[in-house]
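Trainee: Have a look; sequence and predicted model below, questions after that.
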Amino acid sequence: MPVRTRLSVIAAAALLLPALATAQANVYRWVDSNGKVHYSDTPPPEPQKNLTQKRVGGGYAADAVQLPYATQVAMQKSPVTLYTGADCGDPCKQGRELLSKRGIPFSERDAQANADDAETLKKLVGAAEVPVLTVG
């Protein structure tokens, strides 16, 4: 997909999805080498294989059940995924902040910590370079 088309899709998604006016935070869940499940508001100290991240706001998880119907439909038809990495720095942070500020529900994949996500990213854009944002 050409860069111009990709940017157009991103801009359209940012404008079409309704803003959620709640404060948001990240909650990380991972399983350590001993099999113990951890929950934290900070990323794990070491890259983990089974890391999941949720956005929570206003005391509620930002799950599809609690989102407006139009947002649920948009999420199903055109899910937004942000591919990041531990050493991405400001570009990944800015992407996260832009999506959160606009109230766009998204999933975040760490392409540097997860080999499957890195492979998916290589198939999408030809290299495992981050950040990359996909819509749909």
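Mentor: On my side now, so go ahead.
Trainee: could you pull out the helices for the chain?
Mentor: For the chain, applying DSSP state H gives helices covering 3-16, 69-77, 90-101, 115-125.
Trainee: model confidence over the second one, on average?
Mentor: In other words, helix 69-77. Averaging the model's pLDDT scores along helix 69-77 yields 80.
Trainee: May I have that helix as CSV, with CA atoms only?
Mentor: The C-alpha trace of helix 69-77 is given here as CSV (Å, rounded to 0.1, in the frame of the first residue of the first chain):
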residue,chain,number,x,y,z
TYR,A,69,-21.8,1.2,18.9
ALA,A,70,-20.2,3.2,16.0
THR,A,71,-16.8,2.7,17.6
GLN,A,72,-17.4,-1.1,18.0
VAL,A,73,-18.3,-1.3,14.3
ALA,A,74,-15.3,0.7,13.2
MET,A,75,-13.0,-1.5,15.4
GLN,A,76,-14.4,-4.7,13.8
LYS,A,77,-14.2,-3.4,10.2
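Trainee: Tell me the buried residues in that helix?
Mentor: Buried positions in helix 69-77, judged by neighbour count with 16 or more other C-beta atoms under 10 Å: 71, 74-75. Every C-beta, even on glycine, is put in place using the N, C-alpha and C of the backbone.
Trainee: Turn these into TSV, columns for distance to Cys92.
Mentor: Shown next, in TSV, are those (distance: C-beta to C-beta, whole Å):
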residue	distance to Cys92
Thr71	23
Ala74	23
Met75	21
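Trainee: wait, which of those residues is closest to Thr42?
Mentor: Met75 (26.2 Å; C-beta to C-beta).
Trainee: For Thr84, see how far away the nearest residue to that closest one once chain neighbours are set aside is.
Mentor: Leaving aside its chain neighbours, Met75 sits nearest to Pro105 (5.6 Å; criterion: C-beta to C-beta, 6 or more residues apart in numbering). From Pro105 across to Thr84, the span is 16 Å (C-beta to C-beta, to the nearest Å).
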